[in-house]
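With the input below, show me the fold.
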Amino acid sequence: MEEYKYSWKPSSELSVDKFLQKGPQYKPTMVVDDGTKPWIWVRRLEHEPLDSVDTESADSKGSDIDGSVIKSAHKLLEDYTEKIASIQKDESIPVRANKKKGLRSKKEVREEVATEAAEKFKQLSQESKLTCGKLLFFIQADQIDGAFSRMAHDLVTGALSKTPAFCLKVATTPADVLPNHRYLICLYLPDLYDKAAVTEVLRTVCQSTGIRPNSAKADLYTLIGLDSKHPSGIKSTIWNPTDLVPDAELKALTDAYWSEATKKAVVKEPASTSKSAESSKKKVSKRPRKQEPEDGAFDEVEETNSDDATNTTQDMVDQTKKKSQGPPPKVAPSKAQTDDSATESESDEELPSKPTTALATSKPGALRTMKQVNADDSSDEDTKKPKKIRRF
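Residues are numbered from 1 along each chain as shown. Modelled structure (predicted):
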């Protein structure tokens, strides 16, 4: 018989980490159940839960389940179902209790019979040593992949590996999945009636994975079809979490896990941010290195433009102050001032008419001289002639 593909156990070729990280192949949200892959399994021990075997093959060779025990459980369930149904039909039992007459209500009588049935099932399980059961977790679709991965890893190598828990399974996605579908995770224990062991697993799973179970159910109940919708009304679970650990403590355990997880996430985020900042600094610092001093012309142009821009801003401020104080004294402008004036006229969008003003106030002879200088650069005297500076 071919081995079930969606399963991991200690004898598997892959490690549990590689199994869980093997892309969408082993993610519950990515595996659609076509009738052949309803579960993804992770086993810490080479041991099978009771409900992993079909009831039809209970008597087959090599099965750990005694078929006669299953038949007895079925018969027990049928008997108590009929008994509870007869209570509902019995007109002598009032719908409401009457303390004066000492009459109990139908509900009270049904609950008493259901409790008696649960004790009978417990006795049958312990006598036949079919006490295996599981904690049930119902997880939202957007959280199920992470929840299953955390719990599976913790079961094999983490805190859960030191508890009696030995197996884990998660339901795959139904073909007709509904929008608000919740996925089921089952965490198995060898003896669900061992209150101390179940309590230990409950505390550990809350503390190490941040996931709180909804209830605990015996495998025998699963094998005989006893669930929350059964017509008998017999309680289909053995434990509720608050039967074992106070609600406040369970909340504190899960809150502590998520608080620590949030701190780790915050620590990782600044680290990645600092790395990106360092890389950006390195990129910025590399820019001047690319401009090697092989061609000094470009470096000189950059330095000149930078100085001109600085001087231009300062000159504009100085000239504005001088204008407010009165007409400035006539001073022969230097070559540096001429350069600053030219730079200002190029960078200031509010001064497009400056070149025209300078030319209009100059003599025609000076204009011709300037044109000659621009044409052949042969005369130094004309270039030294002062250029009028526009006052702001």
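
what ranges do the strands span in the stretch 151-300 of the chain?
167-171, 173-174, 182-189, 215-218 (DSSP state E, counting those that start in this stretch).

so can I have TSV of those strands showing distance to residue 198 and mean pLDDT?
(C-beta placed from N, C-alpha, C; glycine too.) Formatted as TSV, these follow (distance: least, CB to CB, whole Å; pLDDT from 0 to 100):
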stretch	distance to residue 198	mean pLDDT
strand 167-171	15	97
strand 173-174	29	96
strand 182-189	6	98
strand 215-218	6	98
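
Output the ones you listed in TSV; the columns should cover mean neighbour count.
Formatted as TSV, the strands of the stretch 151-300 of the chain follow (neighbours: other CB atoms under 10 Å):
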stretch	mean neighbour count
strand 167-171	24
strand 173-174	15
strand 182-189	22
strand 215-218	23
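
quick one: which of these is nearest residue 205?
Nearest to residue 205, of all the strands of the stretch 151-300 of the chain, is strand 182-189, at 6.5 Å by CB to CB.

Export only the CA atoms of that closest one, formatted as CSV.
The C-alpha trace of strand 182-189 is given here as CSV (Å, rounded to 0.1, in the frame of the first residue of the first chain):
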residue,chain,number,x,y,z
ARG,A,182,-12.5,27.5,10.2
TYR,A,183,-9.8,24.8,10.0
LEU,A,184,-9.5,22.1,12.6
ILE,A,185,-6.3,21.1,14.3
CYS,A,186,-6.1,18.0,16.5
LEU,A,187,-3.3,17.5,19.0
TYR,A,188,-3.3,13.9,20.3
LEU,A,189,-2.6,12.5,23.8
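
List the residues that contact residue 202.
Applying CB atoms under 8 Å, 6 or more residues apart in numbering, we find residue 202 in contact with 135, 213, 241, 244, 245, 250.

let's see it at 10 Å
135, 163, 187, 189, 212-213, 216, 239, 241, 243-245, 250, 253 (CB atoms under 10 Å, 6 or more residues apart in numbering).

which ones among those residues are found in helices?
241, 243, 244, 250, 253 (DSSP state H).

Most neighbours among those, please name it.
Most neighbours among those, by other CB atoms under 10 Å: residue 241, with 21 neighbours.

For that residue, give its distance to residue 85.
Using CB to CB, to the nearest Å, we find residue 241 at a distance of 31 Å from residue 85.

Over to residue 29?
41 Å.

Between the two, point out the one with more neighbours.
residue 29 (18 against 14).

Check for me that that one belongs to a strand.
No. Residue 29 is assigned coil when assessed by DSSP: H, G, I helix; E, B strand; the rest coil, not a strand.

still on that earlier bit, the strands of the stretch 151-300 of the chain: which one's closest to residue 78?
Going by CB to CB, the one of the strands of the stretch 151-300 of the chain nearest residue 78 is strand 215-218, 17.6 Å.
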